[in-house]
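Asker: Please find the sequence and the predicted model below.
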Amino acid sequence: MKNLLRMSDLSPAELTHILDVADQLKAQQKLGGTAPLLAGKTVALIFSKASTRTRTSFEVGVYQLGGLGNYMNTAELQAGRGEPLKDTARVLGRYYDCVVWRTYRQSDLEEFAELAGVPVINGLTDYAHPCQVLADLMTIRERRGSLAGRKLCFVGDGSSMANSLIVGGLLAGMQVTCVCPQSYRPAADVLMFAHKYGSAFHLTADPAEGIQDADVVATAVWNTAQPGTPESEQRLRDFVGYQLTGKLLESAKPDVMVLHCLPAHRGEEISSAVFEQHAPEIFDEAENRLHVQKAVLAILLAGK
């Protein structure tokens, strides 16, 4: 693994290795701290979007591993004043041992990775959110003991979270169902990837059908538009029936896990009651961002 730009960068063995290392690092941290695997290493944390979990978990993770993490807002760099992306990549690659970038276009991230000459990690793009999905899989494995054969259902917008959960779940040997309105389907290349797994993947617009007998149901914010705008109002109409409610979850397994990458819009993609009922696994999931990202950094920079 040279970079982590999308889940399809990983083989099943690499995915399992990341989760195994994350488990080890989490256990060590609980016992008093992890070894300074990144001593002398520097990590650039570049953010073009607002962030809570991604920014703070990477900052804390780099510190716990003994490295130096520098947060940068893109607007405050020369890139925010028109410096070409390729110039920024070639400069930062000479200063830093690794770059984490949270941005919009996947193509920009991939161009950056080609030119930087150091490992690059996707902190979220409009196409993919691999760090979050690694945390999701870690949480499922912690609570259920295994991933293979379990049914994972995602309900919501077929964008970054759906794209990454589909690929990650299939790589882990899970049965994956994606539930989204027809106009909000996952990326075409993700559907082509999933097609290779045959009956292990199912795409539907019917939430009740998709959730049937699910071991894990995941969702994410689907009303991403500014409140009160025409796009927001359109999304509220398009996603009627796609809220995770107690009634909808009745068709899932009795001990179903519910995951949410946060932040949550209670009353839209998930009801307040369901969110609070499943808060323990949701906040375990949030914590595990720290541990899987430490694992990725340790593998990329310390040969763990």
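Answerer: Done, it's in.
Asker: The closest residue to G33 other than its chain neighbours: how many residues sit nearby?
Answerer: Leaving aside its sequence neighbours, G33 sits nearest to Q64 (Cβ to Cβ, 6 or more residues apart in numbering; 6.8 Å). Bear in mind the C-beta positions are built from the backbone N, C-alpha and C, glycine included. Look at Q64: counted by other Cβ atoms under 10 Å, it has 20 neighbours.
Asker: got the contact list for Q64?
Answerer: Q29, G33, T34, K294 (Cβ atoms under 8 Å, 6 or more residues apart in numbering).
Asker: Would you map the strands across the stretch 101-250 of the chain?
Answerer: Ranges of strands in the stretch 101-250 of the chain, per DSSP state E, counting those that start in this stretch, are 120-124, 151-155, 175-179, 201-204, 216-219.
Asker: who's in contact with V258?
Answerer: By Cβ under 8 Å, 6+ apart, V258 lies in contact with 216-219, 244, 249, 270, 274-275, 277-278, 281-282.
Asker: what does I140 give?
Answerer: Per Cβ under 8 Å, 6+ apart, neighbours of I140: L147, R150, L152, D215, V216, M257, L259.
Asker: For R235, state which of those residues is nearest.
Answerer: Nearest to R235 among those is L259, at 21.2 Å by Cβ to Cβ.
Asker: Looks like that closest one contacts E285 (just checking).
Answerer: Yes. At 5.3 Å, L259 and E285 qualify as touching, with contact defined as Cβ atoms under 8 Å.
Asker: joint contacts of those two?
Answerer: D136, T139.
Asker: Low-confidence regions, the protein specifically.
Answerer: Under the criterion of pLDDT under 70, none of the chain is flagged as low confidence.
Asker: circling back: of the contacts of I140, select the buried ones using a ChimeraX command.
Answerer: Under the burial definition 16 or more other Cβ atoms under 10 Å, those of the contacts of I140 that qualify are selected in ChimeraX by:
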select :147,150,152,215,216,257,259
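Asker: which among the contacts of I140 gets closest to E83?
Answerer: E83 lies nearest to L259 out of the contacts of I140, by Cβ to Cβ, at 38.6 Å.
Asker: What strand or helix carries that closest one?
Answerer: Assigned by DSSP states H and E, L259 belongs to strand 257-260.
Asker: Return the list of strands paired to that strand, each annotated with direction.
Answerer: strand 216-219 (parallel) (DSSP bridges).
Asker: residues making contact with the strand it pairs with?
Answerer: Counting by Cβ under 8 Å, 6+ apart, 136, 140, 144, 150-156, 161, 165, 211, 244, 249, 252, 256-261, 269-270 sit against strand 216-219.
Asker: repeat that with 7 Å
Answerer: Outside strand 216-219, the residues within contact range by Cβ atoms under 7 Å, 6 or more residues apart in numbering are 136, 140, 150, 152-156, 165, 211, 244, 249, 252, 256-260, 269-270.
Asker: Could you do stretch 8-15 as well?
Answerer: M1, N3, V167, G168, L171, A172, F193.
Asker: follow-up on the earlier one: check the contacts of V258 for burial and list the buried ones.
Answerer: If we count by 16+ other Cβ under 10 Å, the contacts of V258 have these buried: V216, V217, A218, T219, L244, L249, I270, V274, F275, H278, E281, I282.
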